[in-house]
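Trainee: I need the structure of the sequence given here:
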Amino acid sequence: MIRLAFCLDSLDIGGTELNAVRTLEALDRSRFAPLLLHFRDGPLLERCRRAAIPTLRLPLRSLAKPSALITAGRLVRILRSHRIEVFHAQDVYSDILGVPCARVARVPLVVASRRWHESTPRPVHRIASRLGFRLADVVTVNSASTAATMLAEMRLPPERVVVVSNFVSEAAFEQLSPSSIAEWRARLGLPTDRLVIGCVARLVPVKHHDMLLRGFAAMRQATACHLALAGDGPLRAPLEAAAAELGIAGRVSFLGHVESDRNLNQLFDIVALSSRHEGFPNALVEAMAAARPVIATAVPGNVDAVEAGRTGLLVPDSDPTALAAALDDLVANAGLRETLGMQGKARALERYRQDAVIGALSDLYVSRLGAKRQRP
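Mentor: Below is the predicted model of the structure:
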């Protein structure tokens, strides 16, 4: 059995964090003994407990403070005492602090991650992340776009950069009955007599919900539709104010964080994502698994998930007029909605289902660890 440690910056609800927890839930416990290390608590801690994933918190407020050295020392001791064989950093701080610590602790296989396309905003973090990437045996990325960026920026050997895409569980493909969808919509205050355009994403700047609001307001057929925004974040109040200014507040629902073991995208007729950039969007893959047609901005990450014209529609970034036109096209054409939805589901079944991705990741750990052990 391989002793495996994941390291996360936090247990907040976000794409990186959810993907890491889902991965640990799905890994074969007869092959891997997992440990989740994290620098900050969050709502996902309870989910880890329910899944019997051992967790340890190492408080880290800033990499620039002397206390970071204390945290680093604790991390080295933990890795040694647990005799960790594979260490997998999942985010910026864990790449920067965790990877060097794993090297000091003499962990046999050290894996870093880059799950974002754009460079980190702070120059010091960009420089420190590059050190982490160079010290790692392997860097996993979640899309071909991010892999290309890594190879161009870091000039690492191609065999050290491996694409491991995000995935969805088998439950994400299960179809709710029409009566269940109607019941869920009623519970959330969503109409049952209009098409619902949905978006599942944190209310943060990178998701660019303002573009989605403006595109929805500009639709010719907006009165026949309702917009549902699932997710929470610091921009909720400004976005609610923007909806009021655009005169669409009565046709927009801010659902907040919706706790459910069901694929929330099944409640929607169309799914839209107007992000400025993505590493790889869980929201779009989950929408495709639900057989829902998707519209997304043509930015890195989104273009890896959506095959334009076949599994969804792509529109230029920061172009609400183009978004409105694409939404109008889907609203007016039920056949197109069904075709895109079914082709999207087929793509998700082929590329993004849990068993395939977890199997590939497990094989990566086993093969690279075996190769390291065979070296003199």
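Trainee: after the helix-or-strand element of the chain with minimal mean pLDDT, next one along is what?
Mentor: The helix or strand of the chain with the poorest confidence is helix 123-135; it has a mean of 77 (mean pLDDT, DSSP states H and E). From helix 123-135 onward toward the C-terminus, using DSSP states H and E, the following helix or strand is strand 138-141.
Trainee: In terms of helices and strands, where is residue 79?
Mentor: Residue 79 belongs to helix 67-81, assigned by DSSP H and E.
Trainee: Can you point out the buried residues in that helix?
Mentor: Residues of helix 67-81 classed as buried by neighbour count (16 or more other Cβ atoms under 10 Å): 68, 71-72, 74-76, 78-79. In short, each C-beta sits where N, CA and C put it, glycine included.
Trainee: ditto for stretch 238-255
Mentor: Judged by neighbour count (16+ other Cβ under 10 Å), stretch 238-255 contains these buried residues: 239-240, 242-243, 246, 248, 251-255.
Trainee: I'd like those as TSV, with distance to residue 84, pLDDT and secondary structure appended.
Mentor: As requested, the buried residues of stretch 238-255 are arranged in TSV below (distance: Cβ to Cβ, whole Å; pLDDT from 0 to 100; DSSP: H, G, I helix; E, B strand; the rest coil):
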residue	distance to residue 84	pLDDT	secondary structure
239	42	98	helix
240	45	97	helix
242	47	97	helix
243	48	97	helix
246	52	97	coil
248	52	96	coil
251	52	96	helix
252	47	97	strand
253	45	97	strand
254	42	97	strand
255	40	96	strand
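Trainee: Just the closest of these to residue 153, please.
Mentor: Residue 153 lies nearest to residue 239 out of the buried residues of stretch 238-255, by Cβ to Cβ, at 33.0 Å.
Trainee: and the closest residue to that closest one other than its chain neighbours, how many neighbours?
Mentor: Spatially, and ignoring its direct neighbours in sequence, residue 239 is nearest to residue 209 (5.3 Å; Cβ to Cβ, 6 or more residues apart in numbering). For residue 209, the neighbour count with other Cβ atoms under 10 Å is 28.
Trainee: does residue 209 really touch residue 202, like I thought?
Mentor: No: using Cβ atoms under 8 Å, residue 209 is not in contact with residue 202; the gap is 9.4 Å.
Trainee: and the residue lying closest to residue 278 once chain neighbours are set aside, how far is that from residue 139?
Mentor: Distances taken as Cβ to Cβ, 6+ apart put residue 301 closest to residue 278, at 2.8 Å, once the chain neighbours are dropped. Here the criterion is Cβ to Cβ, to the nearest Å. By it, residue 301 lies 17 Å from residue 139.
Trainee: likewise residue 48?
Mentor: Applying Cβ to Cβ, the value for residue 48 to residue 139 is 25 Å.
Trainee: And the top helix by length along the chain, what does it pack against?
Mentor: Longest helix in the chain by number of residues (criterion: DSSP state H): helix 354-374. With contacts defined as 3 or more Cβ pairs under 8 Å, 6 or more residues apart in numbering; DSSP states H and E, helix 354-374 has these neighbours: strand 2-8, helix 15-26, strand 109-114, strand 138-141.
Trainee: want to throw those into a markdown table with mean neighbour count?
Mentor: Output for the helices and strands packed on helix 354-374, formatted as a markdown table (neighbours: other Cβ atoms under 10 Å):
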| stretch | mean neighbour count |
| --- | --- |
| strand 2-8 | 23 |
| helix 15-26 | 21 |
| strand 109-114 | 27 |
| strand 138-141 | 23 |
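Trainee: could you redo the ones you listed as TSV and give each row distance to residue 85 and mean pLDDT?
Mentor: Shown next, in TSV, are the helices and strands packed on helix 354-374 (distance: least, Cβ to Cβ, whole Å; pLDDT from 0 to 100):
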stretch	distance to residue 85	mean pLDDT
strand 2-8	5	97
helix 15-26	15	91
strand 109-114	7	94
strand 138-141	14	94
